[in-house]
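Asks: Kindly generate the corresponding structure for this input.
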Amino acid sequence: MPIRRFGGHRSLVSYSQTTKLSYGYKKMNSSRSGYRVFSANSTAACTELAKKITERLGVELGKSVVFQESNTETRVDVKESVRGQDIFIIQTIPRDVNTAIMELLVMAYALKTSCAKNIIGVIPYFPYSKQCKMRKRGSIVCKLLASMLAKAGLTHIITMDLHQKEIQGFFNFPVDNLRASPFLIQYIQEEIPDYRNAIIVAKSPSAAKRAQSYAERLRLGLAVMHGDAHHSESDMADGRHSPPLSRTTTGHTGLELPVMMAKEKPPITVVGDVGGRIAIIVDDIIDDVEGFVAAAEILKERGAYKIYIMATHGLLSAEAPRLIEESAIDEVVVTNTVPHEVQKLQCPKIKTVDVSMILAEAIRRIHNGESMAYLFRNIAVDD
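Replies: Residues are numbered from 1 along each chain as shown. Predicted coordinates for the structure are as follows:
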């Protein structure tokens, strides 16, 4: 029996039995644990992941009110003391991305001014992650968002499957980029009959490394799709040729550069044999599904008898549920990093994998100062 010492006396005190959680760690008392978990969402659908995480941790969700004023301004009211504590803000991103960002910024600043010790943002899907490169005369919005989060008071971020891993370099504080692949691979092994007859498919050459990582861990073959049915946004004219090249000049014309050949993508082709196989397309984000639908049609023509889509973030915008339901795709499997319950009601082909377990464990380890290496075991660099 554990022994406690009080002053000069020796006494025997039995510890109360703590409830064990299924993931293997003990239920902690939120009043003594030195940390709080808040949800920065103003909509009920977006707080489901936060509730699952707190249930696994054995703590209560922090008391706060997040709402929109009549003029659509965001207001946050923290209802309990956070002084000197580690604060975790869980923010899932709904369709209204900009409102969710403002909710996160305002809450982080409110906690900062309330003397929180550390403010850790748990952002499973990091918004604007596709805008992480300079394109045409645009801007790197992801870098701007990173600067805003730091200015608001965040000291650490937990996220999952960033669109580009180099995004971590935009931040001047630690970023833990967790992976959903162990959960998706487990789903393939347990829920897809005869998965040994499957082949992992990369929808584009840029996704080949991720697909190769899945194929190697599942001991399956790999196929890569190349080409495009439509011109991508990066190939569209952006007005850089203005003023027109055919203009009248006087004097020295300057340096004459070699004429560049215009880039032209071939029709979609498949490198690899998918005939008589189950085709599993893997990607990090599934939003507008036209490209996935076109890929599924090509794979069907090449002889694949079942088509699965596996992605971490199921944004499923616009008419995605209807297009999936009417397509050759048999099943779309995504995680719950983004709320999509409405889309599931519209399309029964959409399935969800819960990743609250790894997010809860990341919170526990960061608060206790434990190594995060356990969460990245057997994870490839290209995953």
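
Asks: low-confidence ranges in the stretch 1-150 of the chain?
Replies: 1-33 (pLDDT under 70).

Asks: list the helices and strands the helix or strand harbouring Ile89 packs on?
Replies: Assigned by DSSP states H and E, Ile89 belongs to strand 86-90. If contacts are counted by 3 or more Cβ pairs under 8 Å, 6 or more residues apart in numbering; DSSP states H and E, strand 86-90 sits against strand 35-39, helix 48-57, helix 97-113, strand 118-123, helix 356-368. No exception for glycine: its C-beta is placed from N, CA and C like everyone else's.

Asks: nearest to Leu345, of these?
Replies: Judged by Cβ to Cβ, the one of the helices and strands packed on strand 86-90 that comes nearest to Leu345 is helix 48-57, at 14.5 Å.

Asks: Let me see the ranges of the helices in the stretch 251-383 of the chain.
Replies: Listed in chain order, the helices found in the stretch 251-383 of the chain under DSSP state H, counting those that start in this stretch are 290-301, 320-326, 341-346, 356-368.

Asks: Name the residues of the first one that are buried.
Replies: Along helix 290-301, these residues count as buried under the neighbour rule (16 or more other Cβ atoms under 10 Å): Gly291, Phe292, Val293, Ala294, Ala295, Ala296, Glu297, Ile298, Leu299, Lys300.

Asks: picking that back up, now what about the strand holding Ile89, what contacts it?
Replies: Residues outside strand 86-90 that contact it (Cβ atoms under 8 Å, 6 or more residues apart in numbering): 34-40, 49-50, 53, 62, 104, 107-108, 111, 116-122, 154, 359, 363, 366-367.

Asks: Phe183 reaches Thr352, doesn't it?
Replies: No. The criterion here is Cβ atoms under 8 Å, and Phe183 misses it with Thr352 at 10.5 Å.

Asks: for Thr312, what are its contacts?
Replies: Thr312 makes contacts with Tyr125, Met160, Asp161, Ala180, Leu184, Asp284, Ile285, Val334, Thr335, Thr337, as judged by Cβ under 8 Å, 6+ apart.

Asks: Could you measure from the nearest residue to the third one once chain neighbours are set aside over to Ser39?
Replies: Read it as Asp161. Among residues not flanking Asp161 along the chain, Thr312 sits closest, at 4.1 Å (Cβ to Cβ, 6 or more residues apart in numbering). Remark: distance between Thr312 and Ser39 (Cβ to Cβ, to the nearest Å) = 21 Å.

Asks: With Ser129 instead?
Replies: For Ser129 relative to Ser39 (Cβ to Cβ), the value is 21 Å.

Asks: Which one's more surrounded, these two?
Replies: Ser39 (25 against 19; other Cβ atoms under 10 Å).

Asks: those strands in the stretch 151-300 of the chain, which residues are they?
Replies: Along the stretch 151-300 of the chain, the segments classed as strands by DSSP state E, counting those that start in this stretch run 156-160, 175-178, 198-202, 221-226, 269-271, 278-286.

Asks: any idea which of the ones you listed scores lowest on pLDDT?
Replies: With a mean of 91, strand 269-271 has the lowest mean pLDDT of these.

Asks: which helices and strands does that one pack with?
Replies: strand 221-226.

Asks: can you give me the angle the strand it packs on makes with strand 278-286?
Replies: If you take axes from the mean of the first three to the mean of the last three Cα atoms, to 10 degrees, strand 221-226 sits at 60 degrees to strand 278-286.

Asks: Tell me which of the strands of the stretch 151-300 of the chain lies nearest to Ser327.
Replies: Nearest to Ser327 among the strands of the stretch 151-300 of the chain is strand 278-286 (12.1 Å), distances taken as Cβ to Cβ.

Asks: quick one: contacts of that closest one?
Replies: Strand 278-286 has contacts (Cβ under 8 Å, 6+ apart) with 130, 161, 163, 184, 188, 192, 194-195, 197-203, 207, 210-211, 214, 223, 292, 295-296, 299, 304-316, 320, 332, 334.

Asks: quick one: strands adjacent to that strand?
Replies: With DSSP bridges as the test, strand 278-286 is paired with strand 198-202 (parallel), strand 306-314 (parallel).

Asks: what's the spacing between the first one and its chain's center?
Replies: I take that to be strand 198-202. Here strand 198-202 is found 22 Å from its chain centre; the criterion is Cα atoms, centre = their mean, to the nearest Å.

Asks: can you tell me which residues contact Asp287?
Replies: Leu315, Leu316, Ser317, Ala320.

Asks: and the second one, backbone torsions?
Replies: Meaning Leu316. Phi and psi for Leu316, reported as degrees, to the nearest 10, are phi 50, psi 60.

Asks: give me every residue that touches the most centrally placed residue in the chain.
Replies: The residue lying closest to the centre of the chain (Cα atoms, centre = their mean) is Tyr125, at 3.1 Å. Tyr125 makes contacts with Thr92, Ile93, Thr159, Met160, Thr312, His313, Leu315, Thr337, Val338, as judged by Cβ under 8 Å, 6+ apart.

Asks: of all the residues you listed, which comes closest to Arg377?
Replies: Of the contacts of Tyr125, the one sitting nearest to Arg377 (Cβ to Cβ) turns out to be Met160, at 16.1 Å.

Asks: Beta-bridge partners for that closest one, please?
Replies: Leu178.

Asks: ok, it touching Asp176?
Replies: No. Contact between Met160 and Asp176 fails when scored by Cβ under 8 Å: they sit 9.2 Å apart.

Asks: okay, these two: which has more neighbours?
Replies: It is Met160, of Met160 and Asp176, that has more neighbours when counted by other Cβ under 10 Å, with 23 against 18.

Asks: now the more buried one: how far from Ile199?
Replies: Separation of Met160 from Ile199 (Cβ to Cβ): 26 Å.

Asks: What is the neighbour count of Ile366?
Replies: Using other Cβ under 10 Å, Ile366 has 20 neighbouring residues.

Asks: so it touches Thr155, yeah?
Replies: No. At 10.5 Å, Ile366 does not count as touching Thr155 under the criterion of Cβ under 8 Å.

Asks: Now do the shared contacts for these two.
Replies: Listed as contacting both Ile366 and Thr155 by Cβ under 8 Å, 6+ apart are Ile120.

Asks: Much appreciated, bye for now.
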